[in-house]
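1. Sequence first, then the predicted structure, then my questions.
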Amino acid sequence: MTVRTFPYSSFLRSPAQVLPSLDHTDVMLEHRDEENLVLMREERFEAILSGMRLAARSLALLADRHRPLAEEALSEELPWLHWLPESEQHSCVRELLTELIAGAETGLLLPFARSFASWRSTAEAWADPQVAKELQAPFAGDGPELLPRPGGEAS
């Protein structure tokens, strides 16, 4: 899929110059100091959602019938999984599958994207032995386990 980029201000000043591009491509409006916006025809948007629903449901069926194969397929697509401890790899795959299936069904993919980014960042931390060691150690400045309540005793 190709994407044609325009400044957001160009779209505001003259949408007639931007909108014809939607006949052949999607349009990204670059918005200074804000998130960029993407415009696309509804037919292309629905095609993406339909394809994603089918892929997510197929992967879910595979996971129900042959979990190791589904995990292997996901692992091949996400090579950074091997940086996670083995117990975390399974948690990651389960969570990502669950979020992807829910997102494909509802069209709400931000929870999946956030989970994906979180797991990838965690894997990257585990990839650096020094960072992983530091994150598992007590943090300097950790206080006592029980802190007194303001104006009262510890609970």
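-> Sure thing, it's come through.
2. Once you drop chain neighbours, what's closest to residue 90?
-> Counting by CB to CB, 6 or more residues apart in numbering, residue 90 lies nearest to residue 71, which is 7.3 Å off, once chain neighbours are set aside. Every C-beta, even on glycine, is put in place using the N, C-alpha and C of the backbone.
3. my guess is the one you found meets residue 93, correct?
-> Yes. Using CB atoms under 8 Å, residue 71 is in contact with residue 93, at 4.9 Å.
4. Between those two, point out the one with more neighbours.
-> Using other CB atoms under 10 Å as the criterion, residue 71 and residue 93 rank with residue 93 on top: 22 against 19.
5. Could you pull up phi and psi at that one?
-> According to degrees, to the nearest 10, the main-chain angles of residue 93 amount to phi -60, psi -40.
6. shouldn't it be in contact with residue 81?
-> Yes. Between residue 93 and residue 81 there is a contact under CB under 8 Å: 7.3 Å.
7. mind listing what the nearest residue in space to residue 10 that is not next to it in sequence touches?
-> Excluding the flanking residues, the one nearest residue 10 by CB to CB, 6+ apart is residue 18, at 6.3 Å. Contacts for residue 18 were tallied using CB atoms under 8 Å, 6 or more residues apart in numbering; they are 6, 10-11, 27, 29, 39.
8. quick one, domains of the protein?
-> Domain assignment for the chain by automatic domain parsing gives 3-40, 52-136.
9. Mind listing the shared neighbours of residue 93 and residue 81?
-> Joint contacts of residue 93 and residue 81 (CB under 8 Å, 6+ apart) are 74-75.
10. Let me know how buried residue 125 is, in neighbour terms.
-> Look at residue 125: counted by other CB under 10 Å, it has 14 neighbours.
11. where's it, which helix or strand?
-> helix 110-127 (DSSP states H and E).
12. Switch the contacts of residue 18 over to CSV; also include neighbour count.
-> Shown next, in CSV, are the contacts of residue 18 (neighbours: other CB atoms under 10 Å):
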residue, neighbour count
6, 17
10, 13
11, 19
27, 19
29, 19
39, 19
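13. Inside helices: which ones of those residues?
-> Of those, the ones assigned to helices by DSSP state H are 10-11.
14. if we can go back for a sec, beyond the helix holding residue 125, next helix or strand please.
-> helix 129-136.
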